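Asker: Got a predicted model here, sequence first, then my questions.
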Amino acid sequence: MNHHHPYRPLRSMPVFLVMLAITVGSGCRADINDTVKSGALNFNKVLQPKSVVTTQRVENPVAGTVASLSLANADALDRQVAQLNYSGASVQELADLIAPLGTSETEKARLIYSWITQHITYDVSLSRDDLSPEGVLERRTTICSGYANLFQALAQALGIKAVIVEGYAKGVGGIVGEDPKYNHAWNAVNLDGAWFLVDTTWGAGNVTSDKFQAKFNPFYFAPPPDQLIYTHYPAEPQWQLFNPVIARAEFDQLPLLTPRFFGDRLSLADQRTGQLQSSGNLALSLGVPSDRQVMARLKSSDGQDLAENFTLVQSIGNQATVNVAFPTAGNYELMILSKATPETSYGQAIVFEVESSGSGIPFPKTYGTFAEKQGYLQMPLTESLPNNQATQFQLRVAEAEKVLVVDNTTQKWVELEQSGDLFSGPVFVGNGETTVVAQFPDSDKFWSLIEYK
């Protein structure tokens, strides 16, 4: 889906485009983050060093809730500790510097999380040299085991009980069900008698093209356990921190949901597995709040980005339908991205793996205005139109005053009949590109909605 595009043959206006790229988070296996920058959609290399720490058990851990954390000043704590540039290698010295900055166990745990994630970088060389807390402080770089070791040591130095959790972490490019025995390590921390999960590795930044990019992510400090389970599966079931616990086979089948999915308040309407089957075309339903938008991208099994017209996202109210057409039989990766309406860039929200037994018919190209106005195309839904004959058009476009079907070759257009937000009518189509455009109140411009070959 292209972004806002005034239709140039009708009004000479610049085209505004935002290209997309995905950065993915660091970890013993790569995590997915939600930043979108200039470039093409890219995924990083999968990182899978074996953990060298041991999961610890406790008796009947009681899970805490986000509401019980009482951490209204989290942003202030994060900024404060970001300026704490300790240069030594002593856990106790660093703990003594952190201690006066917080008054409660929760504040001190957050300070530890923030200091580690903002001062320790991920070692993309996957070096296992001295993963002790002191070694991590001395080198200022480590892998997941070192992150977990340092968090536990600092917590204990401040009188807070913390344990290390080994397990399995899903990431883009990971082969579900074929992990090494352990491929990740994180922590559980006891705050005022309740247990919370913490992952400083995934909170520290992103690995893109084998390079670490520091990017503080607060999501991985005490995320709800029923959200973290979509990417983190502890080897010791008690650290799922909810009941009944799920089996590894069930975890393998879950779709990969990122912090952006939860932050944008999306919901899966009818799809609870991450491995999908298709005979050529596929349709998924999502719950999407009115102040959010979603789009989709498709990648082939060899990692190539496929053309935009293999996906079509349409919304009505708080429901979105993601339509997908597969070019041939084979395996694919379907990524759904989301954003808040005023934002200009999308971030990864969901990743599905799809096996298609056949091919489908691609969709027409859509533009950003089509999504923002909750456009819903009923017909025609194919990429190409039959030449030199009448075609019936029907679509809904919120707030539109006029909708025209334009022959790009002759610059002739036909205005569709309007009934509320429904626009329809037959149009004689020539043998070139055809664009559907709309005019909205308080503007003399026509904006591109849909383009056919």
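Answerer: In hand now; what should we look at?
Asker: so Ala307 touches Phe363, yeah?
Answerer: No. Contact criterion Cβ atoms under 8 Å: Ala307 and Phe363 do not qualify, at 9.9 Å. C-betas here are computed from N, CA, C, even on glycine.
Asker: Quick check on the two: which one has the bigger neighbour count.
Answerer: The neighbour comparison of Ala307 against Phe363 (other Cβ atoms under 10 Å) goes to Phe363, with 25 against 12.
Asker: Quick check: that one vs Val397, distance?
Answerer: Distance, Phe363 to Val397, by Cβ to Cβ, to the nearest Å: 17 Å.
Asker: after the host helix or strand of Leu150 comes which helix or strand?
Answerer: Using DSSP states H and E, Leu150 maps to helix 144-157. Downstream of helix 144-157, the first helix or strand assigned by DSSP H and E is strand 162-169.
Asker: Moving along the chain from that next one, name the first helix or strand you hit.
Answerer: Sequence order places strand 184-191 as the next helix or strand after strand 162-169, per DSSP H and E.
Asker: Partner strands of that next one and their direction?
Answerer: With DSSP bridges as the test, strand 184-191 is paired with strand 162-169 (antiparallel), strand 194-198 (antiparallel).
Asker: I'd like those strands laid out as a markdown table, including mean pLDDT.
Answerer: Below are the strands paired with strand 184-191 laid out as a markdown table (pLDDT from 0 to 100):
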| stretch | mean pLDDT |
| --- | --- |
| strand 162-169 | 93 |
| strand 194-198 | 96 |
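Asker: For Tyr452, which of the ones you listed is the nearest?
Answerer: Of all these, strand 162-169 sits nearest to Tyr452, with 43.0 Å by Cβ to Cβ.
Asker: May I have the helix holding Leu150 exported as CSV, CA atoms only?
Answerer: The C-alpha coordinates for helix 144-157 follow below in CSV (Å, rounded to 0.1, in the frame of the first residue of the first chain):
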residue,chain,number,x,y,z
CYS,A,144,21.6,-13.2,26.5
SER,A,145,23.2,-15.2,29.3
GLY,A,146,25.4,-12.3,30.3
TYR,A,147,22.4,-10.0,30.3
ALA,A,148,20.5,-12.4,32.6
ASN,A,149,23.5,-12.9,34.9
LEU,A,150,24.0,-9.2,35.3
PHE,A,151,20.4,-8.4,36.1
GLN,A,152,20.3,-11.2,38.7
ALA,A,153,23.5,-10.0,40.3
LEU,A,154,22.5,-6.3,40.5
ALA,A,155,19.1,-7.3,41.9
GLN,A,156,20.6,-9.4,44.6
ALA,A,157,23.1,-6.7,45.5
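Asker: for that helix, which positions count as buried?
Answerer: Residues of helix 144-157 classed as buried by neighbour count (16 or more other Cβ atoms under 10 Å): 144-155, 157.
Asker: same question, stretch 428-441
Answerer: Of the residues in stretch 428-441, 429, 434-440 count as buried by neighbour count, 16+ other Cβ under 10 Å.
Asker: do stretch 79-98 as well
Answerer: By 16+ other Cβ under 10 Å, the buried positions in stretch 79-98 come out as 80-81, 89, 91, 94-95, 97-98.
Asker: Gln394 reaches Leu422, doesn't it?
Answerer: Yes. Counting by Cβ under 8 Å, Leu422 is a contact partner of Gln394 at 7.2 Å.
Asker: send the alpha carbons of stretch 333-348 over as PDB?
Answerer: Taking C-alpha atoms only, stretch 333-348 is exported to PDB below (Å, rounded to 0.1, in the frame of the first residue of the first chain):
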ATOM      1  CA  GLU A 333       5.900 -15.500   5.500                       C
ATOM      2  CA  LEU A 334       2.900 -13.100   6.100                       C
ATOM      3  CA  MET A 335       3.700 -10.000   8.100                       C
ATOM      4  CA  ILE A 336       0.900  -7.700   9.400                       C
ATOM      5  CA  LEU A 337       2.000  -4.200  10.400                       C
ATOM      6  CA  SER A 338       0.200  -1.500  12.300                       C
ATOM      7  CA  LYS A 339       0.400   2.100  13.300                       C
ATOM      8  CA  ALA A 340      -1.500   4.800  15.100                       C
ATOM      9  CA  THR A 341      -3.500   6.900  12.600                       C
ATOM     10  CA  PRO A 342      -1.500  10.200  12.900                       C
ATOM     11  CA  GLU A 343       1.900   8.300  12.600                       C
ATOM     12  CA  THR A 344       3.600   8.000   9.200                       C
ATOM     13  CA  SER A 345       5.300   4.600   9.600                       C
ATOM     14  CA  TYR A 346       4.200   1.100  10.400                       C
ATOM     15  CA  GLY A 347       5.700  -1.500  12.700                       C
ATOM     16  CA  GLN A 348       5.500  -5.300  12.800                       C
END
